[in-house]
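Trainee: need a structure here:
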Amino acid sequence: MKRRSLPVAAALAATAALLLTACGGGDDKSSDNDKIAGADQGAEKPEKSAEPSEAPAEDKPDGVDVSLPADMDLVFDWDKPKDKNEAAAMDDAANFIRAIYRGVDKRTSKDAAVIAYSTGEGLRYAKTQIDSRVDGGWTATGTRRHYQATTRSAPNGNSVEVAFCTDSSKFYGKEIKTEKILKSKPSIADFDYFKIVMVKFSTGKGLWQASQVFVETKAEKCR
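Mentor: Numbering: from 1, shown residues only. Below you'll find the predicted structure:
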């Protein structure tokens, strides 16, 4: 059986972020709402471990490692929007996804990249995804494609919703001890639709953090 997404802890079920996995379907409740969820939410300051080791570049925080092992390939097949803020938010939404799988590879939800690129419910989502894999004794391998990305900004300019599809038909779970790769036949369960609310970090370093994560599993529109 191929395992991709993970069960979400019951404590998170009542939170503002809708955390749906391939183990259970659902609809994105915000799809008909023009207001971006979490648009009034400010970014929390990352922990000290996530701070750059040297002075950051003007438009990006420096020194945060989001590198992944060679057998874990996350492909972001999308075009950047013209709006500078939306382009930066999209870049860091990708870094948020990379940070989750870096945490899976490093076997910790406290990796500096996770702390840097997420806050609030986004941080809880990341920790749940990572910790569940760590507790289950497995990691990920293969290629996951991210595509059909769109962005929209909140009126205050401090929040951007980044939405995209994912194709995990070639992305598998792998048992740590045995290195056994867990596969199954391709199906609609391989396709998810994400909406990530990115908020601007207040220091002006160009950093955007994932504050909320909404996931529609078995997304027919992504197939």
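
Trainee: switch to C-alpha atoms for all contacts and neighbour counts from now on
Mentor: Fine.

Trainee: For the residue nearest in space to the middle of the chain, what is the enclosing helix or strand?
Mentor: Closest residue to the average C-alpha location of the chain: Ile97 at 3.5 Å, with C-alpha atoms, centre = their mean. Using DSSP states H and E, Ile97 falls within helix 84-106.

Trainee: Number of residues surrounding Val197?
Mentor: 31 (other C-alpha atoms under 10 Å).

Trainee: thinking it is in contact with Val213, fair?
Mentor: Yes: if you go by C-alpha atoms under 8 Å, Val197 and Val213 touch, sitting 6.5 Å apart.

Trainee: about what we covered before: so what does the helix holding Ile97 touch, helix or strand wise?
Mentor: If you count contacts as 3 or more C-alpha pairs under 8 Å, 6 or more residues apart in numbering; DSSP states H and E, helix 84-106 packs onto helix 112-117, helix 120-136, strand 138-153, strand 159-175, strand 191-200, strand 208-216.

Trainee: run the last query once more with 10 Å
Mentor: Where contact means 3 or more C-alpha pairs under 10 Å, 6 or more residues apart in numbering; DSSP states H and E, helix 84-106 is packed against strand 72-77, helix 112-117, helix 120-136, strand 138-153, strand 159-175, strand 191-200, strand 208-216.

Trainee: The closest residue to Phe76 other than its chain neighbours: how many residues sit nearby?
Mentor: In space, and not counting its chain neighbours, Phe76 is closest to His146: 4.8 Å by C-alpha to C-alpha, 6 or more residues apart in numbering. For His146, the count of nearby residues is 23 (other C-alpha under 10 Å).

Trainee: rewinding a little: which ones are touching the residue nearest to the centre of the chain?
Mentor: 66, 74, 113-114, 117-118, 126, 146, 210 (C-alpha atoms under 10 Å, 6 or more residues apart in numbering).

Trainee: Go through those residues and name the one nearest Pro155.
Mentor: Ala210 (17.8 Å; C-alpha to C-alpha).

Trainee: who's that closest one bridged to?
Mentor: Ser118, Met198 (DSSP bridges).

Trainee: Contact partners for it?
Mentor: Counting by C-alpha under 10 Å, 6+ apart, Ala210 has contacts 43, 89, 92-97, 114, 116-123, 125-126, 159-162, 196-200.

Trainee: How confident is the prediction for it, by pLDDT?
Mentor: Ala210 is assigned a pLDDT of 98 by the prediction.

Trainee: cool, and Ser202?
Mentor: If you check Ser202, the pLDDT there is 74.

Trainee: Now do it: how many residues are near it, please.
Mentor: Neighbours of Ser202 (other C-alpha under 10 Å): 14.

Trainee: Could you verify that it is part of a strand?
Mentor: No: applying DSSP: H, G, I helix; E, B strand; the rest coil, one finds Ser202 to be coil, outside a strand.

Trainee: ok, the residue located most distally from the centre of the chain - contacts?
Mentor: Going by C-alpha atoms, centre = their mean, the residue of the chain most distant from its centre is Thr178, 27.2 Å out. By C-alpha under 10 Å, 6+ apart, the contact list for Thr178 reads 137-138.
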